[in-house]
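J.: Give me the fold of what follows.
(one chain, ligands or ions: 1)
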Amino acid sequence: MLRIAHALNSHLLGALESAFPEAVASARVAGAPLDPQLGPASKPEFGDFQANGALALARPLRLAPRAIATAIVDQLAADPDFGALCLPPQIAGPGFINLTLKPELLAAEVGRRLADPRLGVEPVAPGGAPVVVDFSSPNIAKEMHVGHLRSTIIGDALARVLEFRGHPVLRLNHVGDWGTQFGMLITHLKQVAPEALDTADAVDLGDLVAFYRQAKARFDSDEAFQTTSREEVVKLQSGDPVSRRAWQLLCDQSRREFQRLYDRLDIRLDERGESFYNPYLEAVVADLAAAGLLVSDGGAQCVFLEADDGTASQAPPVIVRKSDGGFNYATTDLAAIRYRFAAPPEGDGARRVIYVTDAGQASHFAGVFQVARRAGWIPEGGRLEHVPFGLVQGEDGKKLKTRAGDTVRLKELLDEAVERCDADLRRRLEEEERQEEEAFISEVATTVGLAAVKYADLSTNRITNYQFSFDRMLALSGNTAPYLLYAVVRIAGIARKGGGDGEVPEVLGFSEPQEWALVRQLLQFDAVIQEVEEELLPNRLCSYLFELCQLFNRFYDQVPVLRADEPARASRLALCRLSADTLKLGLGLLGIPTLERM
Ligand code: ARG
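T.: Coordinates of the predicted model:
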């Protein structure tokens, strides 16, 4: 539909130009070209699109909006190419122009989609600059928590959409692998478990997390321990071989554990942790000093922030170098931004950098983004975007905990989703008196269980907090993964039963309102994908797919398909096929594989 919308827009512009040549020319000279304001129709009964531009033109043209709309419509009526796209336009209300696409055009568009594996989603021109998606990013020697899971799932879906559009995407795992935590941990381990520092696999991640907690407790209460830990960080950061080796082992240990989770969720990430930027930290300070942004405040080097209007901001300054000479999280992020936008080979040459973290880091990112802009590191048109998400809560609205009150381990969370699916499936098979192989049961339970966890996360508006509920995410009805996966199985089954080897008739034709509603929804797919690419809200794609299923069900319940006579039957089967294809591709872009049978 985007292609058609673009065509309509140029016809409208042409009509404006012919009706009001002087106004169009002078607006162009003034650098504010007239805009027909084409958008989707506000209600289905108004057609497919509406153009509201006549209202904004009333003042500059000194004419009533309806008169302007009439003049535009008269021009359109004289344009045969426009006539091939639309039925005669209708003027409504104060001067809206309602546009309804010709049924044969919509039907032909369905045919075109069926022959197009991209389902109408145009790829961007090749050779574009990379887009960085910084996501997941857990911390070494700490447990990966549900916030990281959200980041992993949302970031992966965004990366998939961007990749599908044809952008080169750098999927960066900005793991916390540098800084004070290692000083504490290494100091503590030297005393209590020295083998962990020179032997691979001497401890597992669970132990490591426990050691980390002990180390942190000592750090908070014992001054001597604090001093030694700080010295240990300095040793590590200056490349001391013993510290380096210990650090390497600790990182490997955590990395293997993280990787198991990524493999299970089918998520690809390139690790480029905080330590990567260590060699660039000095240059950050030098750049900021040269730009006159650094201010010394109580021994620390800071950049004070500005409000939008350029006055001093109330927000705390970004501390670039602590009074003890150490760098911090923000310094590393500044170095990362500088590197990501810098032209290769010194950097990634990105034009868009996206960060997926919990909303709690919003002010951190607002601060470092501003500093990066003022330092001049962001090229013209370069975009820096924080994609925040809310907290994961338990059903009681509090922080998610296990029944015993512990933090939830991600592995156990995924295991439970799969186990519950397994039990549900066995119950259903028994009710239906179906016999299935163990391999089938395990494949279905795994696919549905993991899909449910992903989809529950993606389908809520990410900005709001999100209540984790197995019962809700595993329900067979409602906006859930099981509902959608089941719909795919059903629709693909209908298309298969219809036979015809997926052949699409030369000319498609539809008559029923349920068919048209489904056609229009199917043709929105390209627009939805581009919207997700722009706004970075995967829940838009989820809602779209859910609505698609509902429209499909209405169509299938109320309009005969397999029992219909030709030629209607072939066209309706083509709708079934396109519905299945759209659901499969859409779910795939959310990182959710579909099943043939359930
Ligand atoms: N490691 C951080 C955390 O666990 C997330 C890092 C996000 N990315 C970044 N470039 N700061 O909260």
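
J.: Determine the three-state secondary structure at Asp565.
T.: At Asp565, secondary structure determined by DSSP: H, G, I helix; E, B strand; the rest coil is coil.

J.: can I assume Asn98 sits in a helix?
T.: No - with three-state DSSP as the criterion, Asn98 is assigned strand and is not in a helix.

J.: Where does pLDDT dip in the stretch 351-500 of the chain?
T.: 500 (pLDDT under 70).

J.: Repeat that for the stretch 201-350 of the chain.
T.: In the stretch 201-350 of the chain, residues with pLDDT under 70: 205.

J.: Near the ligand, which residues of it are found?
T.: Within reach of the ligand by C-beta under 6 Å from any ligand atom, the stretch 201-350 of the chain has these residues: Asp333, Ala336. Heads up, the C-betas are built off the backbone N, CA and C, glycines and all.

J.: where do the helices sit along the stretch 201-350 of the chain?
T.: 205-221, 223-237, 241-265, 281-290, 329-341 (DSSP state H, counting those that start in this stretch).

J.: so which of these is the most packed in?
T.: Comparing the helices of the stretch 201-350 of the chain by mean neighbour count (mean count of other C-beta atoms under 10 Å), helix 329-341 ranks first with a mean of 24.

J.: Now do Cys86 against Asp526, distance only.
T.: 19 Å (C-beta to C-beta, to the nearest Å).

J.: Of the two, give the one with the bigger neighbour count.
T.: Neighbour comparison, Cys86 and Asp526: the larger count goes to Cys86, with 22 against 18 (by other C-beta atoms under 10 Å).

J.: Need the nearest residue in space to that one, chain neighbours excluded.
T.: Leu99 (5.1 Å; C-beta to C-beta, 6 or more residues apart in numbering).

J.: and that neighbour, how many neighbours does it have?
T.: Leu99 sits with 26 neighbouring residues when counted by other C-beta under 10 Å.

J.: what's the answer for Asp396, then?
T.: Per other C-beta under 10 Å, the neighbour tally for Asp396 reads 9.

J.: Over to the one 10 residues further on?
T.: Applying other C-beta under 10 Å, we find 9 residues neighbouring Asp406.

J.: Name the SS class of the residue positioned nearest the centre of the chain, please.
T.: Taking C-alpha atoms, centre = their mean, the centroid of the chain lies closest to Leu158, which sits 2.9 Å from it. Recorded secondary structure, Leu158: helix (three-state DSSP).

J.: how far away is it from the ligand?
T.: Applying C-beta to the nearest ligand atom, to the nearest Å, the value for Leu158 to the ligand is 14 Å.

J.: before we move on, what about His148?
T.: Separation of His148 from the ligand (C-beta to the nearest ligand atom): 6 Å.

J.: Could you tell me which residues make contact with that residue?
T.: Ser136, Ser137, Pro138, Leu410 (C-beta atoms under 8 Å, 6 or more residues apart in numbering).

J.: The last one is in contact with Leu261, isn't it?
T.: Yes - here Leu410 lies in contact with Leu261, judged by C-beta atoms under 8 Å, at a distance of 6.0 Å.

J.: shared neighbours, these two?
T.: Met144.

J.: Quick one: name the residues of the protein near the ligand.
T.: By C-beta under 6 Å from any ligand atom, the residues of the chain that approach the ligand are Asp134, Ser137, Pro138, Asn139, His174, Gly176, Asp333, Ala336, Tyr355, Thr357.

J.: Now do the contacts for the last one.
T.: For Thr357, the contacting residues are Ser137, Gly147, Ser151, Phe365, His386, Val387, Pro388, Phe389, taking C-beta under 8 Å, 6+ apart as the criterion.

J.: so what's the backbone phi/psi at it?
T.: Dihedral pair for Thr357: phi -140, psi 170, per degrees, to the nearest 10.

J.: Identify the bridge partners of it.
T.: Pro388 (DSSP bridges).

J.: go on, the fourth one?
T.: The bridge-partner assignment for Asn139, based on DSSP bridges, gives Gly176.

J.: burial measure for it, as a count.
T.: Asn139, neighbours per other C-beta under 10 Å, totals 19.

J.: so it sits right up against Gln181, yeah?
T.: Yes - if you go by C-beta under 8 Å, Asn139 and Gln181 touch, sitting 7.1 Å apart.

J.: one step back: can I get the contacts of His148 in CSV with secondary structure and neighbour count?
T.: Shown next, in CSV, are those (DSSP: H, G, I helix; E, B strand; the rest coil; neighbours: other C-beta atoms under 10 Å):
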residue, secondary structure, neighbour count
Ser136, coil, 29
Ser137, coil, 23
Pro138, coil, 25
Leu410, helix, 23
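
J.: and the least confident of the residues you listed?
T.: Within the contacts of His148, the minimum per-residue pLDDT falls on Leu410 (91).

J.: List the residues that contact that residue.
T.: For Leu410, the contact set (C-beta under 8 Å, 6+ apart) comprises Met144, His145, Val146, His148, Leu149, Leu261.

J.: List the ones among those that fall in helices.
T.: Those of the contacts of Leu410 mapping onto helices are Val146, His148, Leu149, Leu261, per DSSP state H.

J.: Now tabulate those residues in a markdown table and tack on distance to Leu425.
T.: A markdown table is the format used below for the ones in helices among the contacts of Leu410 (distance: C-beta to C-beta, whole Å):
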| residue | distance to Leu425 |
| --- | --- |
| Val146 | 25 |
| His148 | 29 |
| Leu149 | 24 |
| Leu261 | 23 |
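
J.: of those residues, closest to the ligand?
T.: Closest to the ligand out of the ones in helices among the contacts of Leu410 is His148 (6.3 Å), distances taken as C-beta to the nearest ligand atom.

J.: For the strand or helix carrying Arg420, list the C-alpha coordinates in CSV.
T.: Assigned by DSSP states H and E, Arg420 falls within helix 410-431. Extracted in CSV, the C-alpha atoms of helix 410-431 (Å, rounded to 0.1, in the frame of the first residue of the first chain):
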residue,chain,number,x,y,z
LEU,A,410,16.0,-16.9,33.3
LYS,A,411,16.7,-20.5,32.6
GLU,A,412,14.1,-21.6,35.0
LEU,A,413,11.6,-19.1,33.7
LEU,A,414,12.0,-20.5,30.2
ASP,A,415,11.9,-24.1,31.5
GLU,A,416,8.7,-23.4,33.2
ALA,A,417,7.0,-21.9,30.1
VAL,A,418,8.0,-25.0,28.1
GLU,A,419,6.9,-27.4,30.9
ARG,A,420,3.5,-25.8,31.1
CYS,A,421,3.1,-26.0,27.3
ASP,A,422,4.1,-29.6,27.4
ALA,A,423,1.4,-30.4,30.1
ASP,A,424,-1.2,-28.4,28.2
LEU,A,425,-0.4,-30.2,25.0
ARG,A,426,-0.6,-33.6,26.6
ARG,A,427,-3.9,-32.8,28.1
ARG,A,428,-5.3,-31.6,24.7
LEU,A,429,-4.0,-34.7,22.9
GLU,A,430,-5.7,-36.9,25.5
GLU,A,431,-9.0,-35.0,25.1
